[in-house]
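*Asks:* here are the coordinates; sequence isn't available:
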């Protein structure tokens, strides 16, 4: 019920009008990967999905942020049913932690839950789309028959930027693209490059990279 | 809630429903007759517009029937929706975030509260004096000087057009006009009816006879034929409605002409802003029409001018 309320408020605040280039109502588990600039991003994607599909979707989020404090923890566990993983620290990711993270995500897919991931790893300060972390590639390798759906989010960085508590209720864009998968002979770098290019193309010619 | 069951208003509302029924019948006929694939898209858009008009007319009638409460709630919500469409397109910077939060959640409700209280001396200066100062100071305090003048002007224009100008429509309820026996809701009806009819007729004349564009770089669909035909026929319709206003027939004609001309000016300016941002419509809330701002663009300039001319010459 809290999630429904937050979804409703978010639809109002962010004026979500989704654009689909894939089947909105597919029942097989999928991985939605999106650019990330705002706390609104997950809820915007979630509330843009058909109502029937929303219960099956799990956001993947950084455990360092969402395990800090009771309210965040409650939201992550009980409201959004988030899959919390360890993010790369400044000193880099230990291989074991990365494997555990991929395992957690793959297990959710095996339970027929779809995932929402933000492969940039953190919220960007502006509209630019950062480099992708390797997790998306390893996830696709470990579950090669799962579709990866690029999702472009426009304007959420202006509605609720990083570090702000109150939103400016502007209109946002959510574009769901055609599914991709890691090809059998594709290496990590070229796959991540292709995934990021596909995502940015959905936003049109004005999307910048950094 | 005190419903204004004034017999004249009820007859006006019935006439609007009659007009819409006529429009729907013509739309159905066009849909049946026109098979040229090049014209099909236009016919479908016309029918979508007519369907949306039914809903807009119903919302307008329902809110104006409840008098001051309904008209303030309706135009307050329209201001809010228009402001979000405007700001979505406007080139603001991250440093403007806090100022914009104030515009949406404090300035807009405050402006309508002042209209509700009938505080003429405050609601006419809140945006041009106090918010003009506040917006500029808040942006300066945020510390980002990049494009400062452009950003401050953008926020100020957004507030002026979407909130300050639109609030003049329900403000008509506060005018005290000696010898005028109808509820002031009839003045709101006169303004909104003439301005929207002028829009529709400019569209109809433009689609049928339009040849020479007025400002092709701004809006290719605005032609001299559509402009003259629409403004003159809307003026004629406004003149015929003189009996619902405090004006005589000639005065009503001048008022209707002023409203139609200001409506055209509003539509032209709002089109220029859209072209600059590289979009066709402000939003997609109203099927066939675009966003809220695409529908009320002509009302923005007409409302304050109609209010002040009426107040200056007719109110006590």
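*Replies:* That came through fine. Because the structure is a prediction, the values reported are computed rather than measured.
*Asks:* what residue is smack in the middle of chain A?
*Replies:* Centroid check for chain A by C-alpha atoms, centre = their mean gives residue A:117 as the closest residue, at 3.1 Å.
*Asks:* and that residue, how far from residue A:199?
*Replies:* Distance check for residue A:117 against residue A:199: by C-beta to C-beta, to the nearest Å, it reads 12 Å. The way it works is simple: take the backbone N, C-alpha and C, and place the C-beta from them, glycine included.
*Asks:* report the contact partners of residue 86.
*Replies:* Since no chain was named, I'll use chain A. Neighbouring residues of residue A:86 by C-beta atoms under 8 Å, 6 or more residues apart in numbering or on different chains: A:62-64, A:93, A:97, A:100-101.
*Asks:* I was after chain B.
*Replies:* B:158, B:161-162, B:273, B:282, B:293.
*Asks:* what are the buried residues along the least confident helix or strand in chain A by mean pLDDT?
*Replies:* Least confident helix or strand, chain A: helix A:2-14 with a mean of 76, by mean pLDDT, DSSP states H and E. For helix A:2-14, a neighbour-count test (16 or more other C-beta atoms under 10 Å in any protein chain shown) marks A:3, A:6-7, A:10-11, A:13-14 as buried.
*Asks:* and for stretch B:302-315?
*Replies:* Under 16+ other C-beta under 10 Å, the buried positions of stretch B:302-315 are B:302-307, B:310-311, B:314-315.
*Asks:* with stretch B:267-274 instead?
*Replies:* Buried residues in stretch B:267-274, defined by neighbour count with 16+ other C-beta under 10 Å: B:267-271, B:273-274.
*Asks:* ok so, going back, need the worst-confidence member of the buried residues of stretch B:302-315.
*Replies:* Lowest pLDDT among those: residue B:315, with 89.
*Asks:* follow-up on the earlier one: so can I have a markdown table of the contacts of residue A:86 showing distance to chain B, secondary structure and neighbour count?
*Replies:* Converted to a markdown table, the contacts of residue A:86 look like this (distance: C-beta to the nearest C-beta, whole Å; DSSP: H, G, I helix; E, B strand; the rest coil; neighbours: other C-beta atoms under 10 Å in any protein chain shown):
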| residue | distance to chain B | secondary structure | neighbour count |
| --- | --- | --- | --- |
| A:62 | 23 | strand | 18 |
| A:63 | 28 | helix | 16 |
| A:64 | 25 | helix | 12 |
| A:93 | 30 | coil | 16 |
| A:97 | 33 | helix | 14 |
| A:100 | 36 | helix | 13 |
| A:101 | 31 | helix | 22 |
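*Asks:* least confident of these?
*Replies:* Lowest pLDDT within the contacts of residue A:86 is found at residue A:93 (58).
*Asks:* how many neighbours does residue 128 have?
*Replies:* Using chain A here. Residues within reach of residue A:128, counting by other C-beta atoms under 10 Å in any protein chain shown, total 15.
*Asks:* you answered for a different chain; I wanted chain B.
*Replies:* Close neighbours of residue B:128, defined as other C-beta under 10 Å, add up to 13.
*Asks:* any idea how far residue B:298 is from it?
*Replies:* Distance from residue B:128 to residue B:298, counting by C-beta to C-beta: 22 Å.
*Asks:* just residue B:273 next, same as before
*Replies:* The value you get for residue B:273 to residue B:298, if C-beta to C-beta is used, is 14 Å.
*Asks:* OK, contacts around residue A:142?
*Replies:* Counted by C-beta under 8 Å, 6+ apart, residue A:142 has contacts A:102, A:106.
*Asks:* can you check the pLDDT for it?
*Replies:* With respect to pLDDT, residue A:142 has a value of 90.
*Asks:* longest strand anywhere in chain A?
*Replies:* Scanning chain A for the longest strand, with DSSP state E as the assignment, gives strand A:147-154.
*Asks:* and whatever helix or strand comes next after that one, does that touch chain B?
*Replies:* On the C-terminal side of strand A:147-154, the closest following helix or strand by DSSP states H and E is helix A:156-159. Yes - Helix A:156-159 comes into contact with chain B (C-beta under 8 Å from any C-beta of the partner chain), by way of residue A:158.
*Asks:* mean confidence score for the helix or strand following helix A:156-159?
*Replies:* Using DSSP H and E, the helix or strand that follows helix A:156-159 in sequence is strand A:173-176. Strand A:173-176 comes out with an average pLDDT of 91.
*Asks:* average pLDDT for the helix or strand where residue A:201 lies?
*Replies:* Per DSSP H and E: residue A:201 is located in helix A:188-202. Per-residue pLDDT over helix A:188-202 has a mean of 92.
*Asks:* report the angle between that helix and strand A:147-154.
*Replies:* Counting by axes from the mean of the first three to the mean of the last three C-alpha atoms, to 10 degrees, helix A:188-202 lies at 50 degrees to strand A:147-154.
*Asks:* circling back: turn the buried residues of stretch B:302-315 into CSV, columns for secondary structure and distance to residue A:39.
*Replies:* Shown next, in CSV, are the buried residues of stretch B:302-315 (DSSP: H, G, I helix; E, B strand; the rest coil; distance: C-beta to C-beta, whole Å):
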residue, secondary structure, distance to residue A:39
B:302, helix, 41
B:303, helix, 38
B:304, helix, 39
B:305, helix, 43
B:306, helix, 44
B:307, helix, 42
B:310, helix, 48
B:311, helix, 47
B:314, helix, 52
B:315, coil, 50
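*Asks:* in the contacts of residue B:86, which has the lowest confidence score?
*Replies:* Minimum pLDDT for these is recorded at residue B:282 (81).
*Asks:* burial check on that one, number of neighbours?
*Replies:* Using other C-beta under 10 Å, the number of residues around residue B:282 comes to 27.
*Asks:* just the one 3 residues further on next, same as before
*Replies:* Burial of residue B:285, expressed as a neighbour count using other C-beta under 10 Å, amounts to 19.
*Asks:* what's the pLDDT at it?
*Replies:* At residue B:285, the model reports a pLDDT of 79.
*Asks:* now do the helices in the stretch 51-200 of chain B.
*Replies:* B:68-89, B:97-102, B:108-116, B:120-123, B:132-141, B:148-159, B:168-171, B:185-209 (DSSP state H, counting those that start in this stretch).
*Asks:* out of those, which is closest to residue A:165?
*Replies:* For residue A:165, the closest of those is helix B:97-102, at 9.3 Å, according to C-beta to C-beta.
*Asks:* which non-adjacent residue is nearest residue B:107?
*Replies:* Distances taken as C-beta to C-beta, 6 or more residues apart in numbering or on different chains place residue B:131 nearest to residue B:107, at 5.6 Å, with adjacent residues excluded.
*Asks:* look up how far residue B:103 lies from that neighbour.
*Replies:* When residue B:131 is compared with residue B:103 (using C-beta to C-beta), they lie 8 Å apart.
*Asks:* between the two, what contacts are shared?
*Replies:* Common neighbours of residue B:131 and residue B:103 (C-beta under 8 Å, 6+ apart) are residue B:159.
*Asks:* who in the stretch 101-250 of chain B is up against chain A?
*Replies:* Residues of the stretch 101-250 of chain B lying near chain A (C-beta under 8 Å from any C-beta): B:101, B:104-105.
*Asks:* fine by me, thanks again.
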